[in-house]
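*Asks:* Coordinates for the following, if possible.
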Amino acid sequence: MKKLALFLIIAALLAGCQSLLPPPADPTPADIDMQTRVAQILTSMPTATSEVTAEPQQPPTEPAATTPPTEEVPIEPAAPTETTPADTATPEPTEPGAVPTVVITPLITAEPTAEPTAAPTQATVEVTPAQPTPTLSATDPRARLGGATWSDNMDNGEAWPRGTDTFTSIEFTGGKMVLTARTDLDGWRLSWPRIEDYYLEATFQPGTCSGSDHYGLIFRVPEPSKADQGYLLGLTCDGRYSLRRWNARIGASGEMVWLIRWTEAEEIKQGANQVNRLGVLALDDRLAVYINGVLVDEVRDSTFTAEGGFGVFIGSDETDNFTIQVDEMSYWEDPQL
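*Replies:* Numbers count the residues shown, from 1 in each chain. Below is the predicted model of the structure:
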């Protein structure tokens, strides 16, 4: 306090002196220095301060969390999806001085609707429906005779000679025998059993054919290893049947005798890829012809009646590489027909 009083006295004296002096010129550096010193003295002196009670400061409120922007997913303009509005965040009342807690409900967005995907298009394959098995008539030998004595479903060709010769080529595929004519002369293949009195039947399906292209059964062959004698029962592509007797030991070129000349029959399914069952009943000198289970003709010939071999034959009169498929062959020994 003494210093303050002293300062006030000095200030008063200086003020009085200034009134007696001529107007001051511009302050000199000494004057400026004096003023600076006085200011420093005043600043360094302790001043009476009143005690101020600071109000308790509220702790800084954390900034409210912001909902991250929801990525907009394009929704197909299918059926509009009803979206539930987002709930508004409402701060709960808090006690004074407490930091308010903000409850934030996340914005509910519609789930993206999956775009329907079209099923992959599969290649269309035409499948020929299986032909229903025809009901056998009461007079059909298969229905009357029951189980066969011997049967070959052509799965492996074990009962037949393989390979290619001058007249035919043969192979087994897809459960069928495939026989192809290599010349315009009849050619045949024989199986190994030797039988005497029987009913013999095979299922044939010709490929591309025309007119008198023909195929069928060869049977009662006295010497299968030579196959130079026997009977030939055949069908043509245009729906005819015949029965011939062959004997290569007569004359220079052999002898072919017609027992039944080519005859039309409505029981024959004509044309390419048609399936026909061809059968023959050989009992002593009786030779009866069956087409698709129906008896169509009958003759008697006693030339070859003893035990012999059997097989299939093919003749190409109009179509190069004429081919047939044989699906099955069976025989019944000593049949009662």
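*Asks:* Looking at strand pairing, list the partners for residue 171.
*Replies:* Per DSSP bridges, the residues bridged to residue 171 are residue 178.
*Asks:* who's in contact with it?
*Replies:* Counting by C-beta atoms under 8 Å, 6 or more residues apart in numbering, residue 171 touches 157, 162, 177, 178. Glycine gets a C-beta too; all of them are placed from N, C-alpha and C.
*Asks:* so where's the stretch 51-200 of the chain uncertain?
*Replies:* 51-134 (pLDDT under 70).
*Asks:* returning to what we had before: find the pair from the contacts of residue 171 with maximum spatial separation.
*Replies:* Largest separation among these by C-beta to C-beta: 162 and 178, giving 11.7 Å.
*Asks:* any residues in contact with both of the two?
*Replies:* In contact with both residue 162 and residue 178: 170, 171, using C-beta under 8 Å, 6+ apart.
*Asks:* Between the two, tell me which one has more neighbours.
*Replies:* Each of residue 162 and residue 178 has its neighbours counted (other C-beta atoms under 10 Å); residue 178 has more, 17 against 11.
*Asks:* contacting residues for that one?
*Replies:* So residue 178 contacts 170, 171, 172, 323, 324, 325 (C-beta under 8 Å, 6+ apart).
*Asks:* can you tell me how far it sits from residue 157?
*Replies:* Going from residue 178 to residue 157 by C-beta to C-beta, to the nearest Å gives 10 Å.
*Asks:* Give the residues shared as contacts by those two.
*Replies:* With C-beta under 8 Å, 6+ apart as the test, residue 178 and residue 157 both reach 170, 171, 172.
*Asks:* Columns distance to residue 234 on top of these, output as JSON lines?
*Replies:* JSON lines is the format used below for the shared contacts of residue 178 and residue 157 (distance: C-beta to C-beta, whole Å):
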{"residue": "170", "distance to residue 234": "18"}
{"residue": "171", "distance to residue 234": "22"}
{"residue": "172", "distance to residue 234": "22"}
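*Asks:* What is the nearest of those residues to residue 206?
*Replies:* residue 170 (15.3 Å).
*Asks:* tell me which residues in stretch 288-298 are buried?
*Replies:* Within stretch 288-298, the residues scored as buried using 16 or more other C-beta atoms under 10 Å are 288, 289, 290, 291, 292, 293, 294, 295, 296, 297.
*Asks:* which one among those residues gets closest to residue 200?
*Replies:* Set against residue 200, the nearest of those by C-beta to C-beta is residue 290 (9.8 Å).
*Asks:* need the contact list for that closest one.
*Replies:* 141, 201, 277, 278, 279, 280, 281, 296.
*Asks:* Double-check that the third one belongs to a strand.
*Replies:* So the one you mean is residue 277. Yes. Counting by DSSP: H, G, I helix; E, B strand; the rest coil, residue 277 is found in a strand.
*Asks:* Touching, it and residue 202? I think so.
*Replies:* Yes. Counting by C-beta atoms under 8 Å, residue 277 touches residue 202, with 7.4 Å between them.
*Asks:* Name the residues contacting each of these two.
*Replies:* Joint contacts of residue 277 and residue 202 (C-beta under 8 Å, 6+ apart) do not exist.
*Asks:* okay, those two: which has more neighbours?
*Replies:* residue 202 (24 against 21).
*Asks:* Where does that one fall, secondary structure wise?
*Replies:* Here residue 202, judged by DSSP states H and E, is contained in strand 198-206.
*Asks:* Go ahead and confirm residue 286 touches residue 300.
*Replies:* Yes. Taking C-beta under 8 Å as the definition, residue 286 is a contact partner of residue 300 at 5.8 Å.
*Asks:* Among the two, which residue is more densely surrounded?
*Replies:* residue 286 (15 against 10).
*Asks:* For residue 276, see how far away the more buried one is.
*Replies:* 22 Å.
*Asks:* Next: residue 158.
*Replies:* Taking C-beta to C-beta, one finds residue 158 at 25 Å from residue 276.
*Asks:* Which of these two has more residues huddled nearby?
*Replies:* Each of residue 158 and residue 276 has its neighbours counted (other C-beta under 10 Å); residue 276 has more, 20 against 10.
*Asks:* who's that one bridged to?
*Replies:* Going by DSSP bridges, residue 276 forms beta bridges with residue 204.
*Asks:* For it, give me its contacts.
*Replies:* Listed by C-beta under 8 Å, 6+ apart, the contact set of residue 276 reads 203, 204, 205, 235, 268, 269, 291, 292.
*Asks:* What is the burial count for the closest residue to the fifth one other than its chain neighbours?
*Replies:* Nearest residue to residue 268 in three dimensions, chain neighbours excluded: residue 239, at 4.4 Å (C-beta to C-beta, 6 or more residues apart in numbering). Number of residues near residue 239 (other C-beta under 10 Å) recorded here: 19.
*Asks:* How confident is the prediction for residue 239, by pLDDT?
*Replies:* Predicted confidence (pLDDT) for residue 239: 98.
*Asks:* same check, this time on the one 3 residues further on
*Replies:* At residue 242 the predicted local confidence, pLDDT, stands at 98.
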